[in-house]
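Undergrad: Just the structure for this:
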Amino acid sequence: DGFRFDLASALTRAPRYSASAAAGGAGHPDVPMGTPLELPPLIDAINEDPVLRGRAKLIAEAWDCGGLYQVGNFPGGKRGGWLEWNG
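TA: Next comes the predicted model:
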């Protein structure tokens, strides 16, 4: 079993506001909203989830409506074993 994330590249973009950055954490306060992140925190959180890790296939549709095309280079695939939907 697994999950396919349609338009998954949208999950790799910098948010408009980062609560962790406001609290002094490791957010991205100086990165403009929508900028693709090399180490997106949401993807890392999904990779570290104890229920999903090693139990579910994670499949990314590695592009989004904003024109970001990450097929073959989706950040989750490098560290979390994500698969890519290329169809």
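
Undergrad: any idea which helix or strand comes after the helix or strand bottoming out on mean pLDDT in the chain?
TA: None of the helices or strands of the chain scores lower by mean pLDDT, DSSP states H and E than helix 19-22, at a mean of 53. As assigned by DSSP states H and E, the chain's next helix or strand after helix 19-22 is helix 41-48.

Undergrad: which other helices and strands contact that next one?
TA: helix 75-79 (3 or more Cβ pairs under 8 Å, 6 or more residues apart in numbering; DSSP states H and E). For the C-beta atoms, the positions are set from N, CA and C on the backbone; glycine is no exception.

Undergrad: The helix it packs on - what's its average pLDDT?
TA: Per-residue pLDDT over helix 75-79 has a mean of 79.

Undergrad: just stretch 34-48 next, same as before
TA: On average, the pLDDT along stretch 34-48 is 89.

Undergrad: Would you mark the buried spots in it?
TA: Neighbour counts over stretch 34-48 (16 or more other Cβ atoms under 10 Å) mark 36-37, 40-41, 43, 46-47 as buried.

Undergrad: Pipe these into JSON lines and attach distance to Phe5 per row.
TA: Putting those into JSON lines (distance: Cβ to Cβ, whole Å) gives the following:
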{"residue": "Pro36", "distance to Phe5": "15"}
{"residue": "Leu37", "distance to Phe5": "16"}
{"residue": "Pro40", "distance to Phe5": "12"}
{"residue": "Pro41", "distance to Phe5": "15"}
{"residue": "Ile43", "distance to Phe5": "10"}
{"residue": "Ile46", "distance to Phe5": "9"}
{"residue": "Asn47", "distance to Phe5": "13"}
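
Undergrad: Which member of these is positioned nearest Ala8?
TA: The shortest approach to Ala8 among the buried residues of stretch 34-48 belongs to Ile43, at 8.5 Å (Cβ to Cβ).
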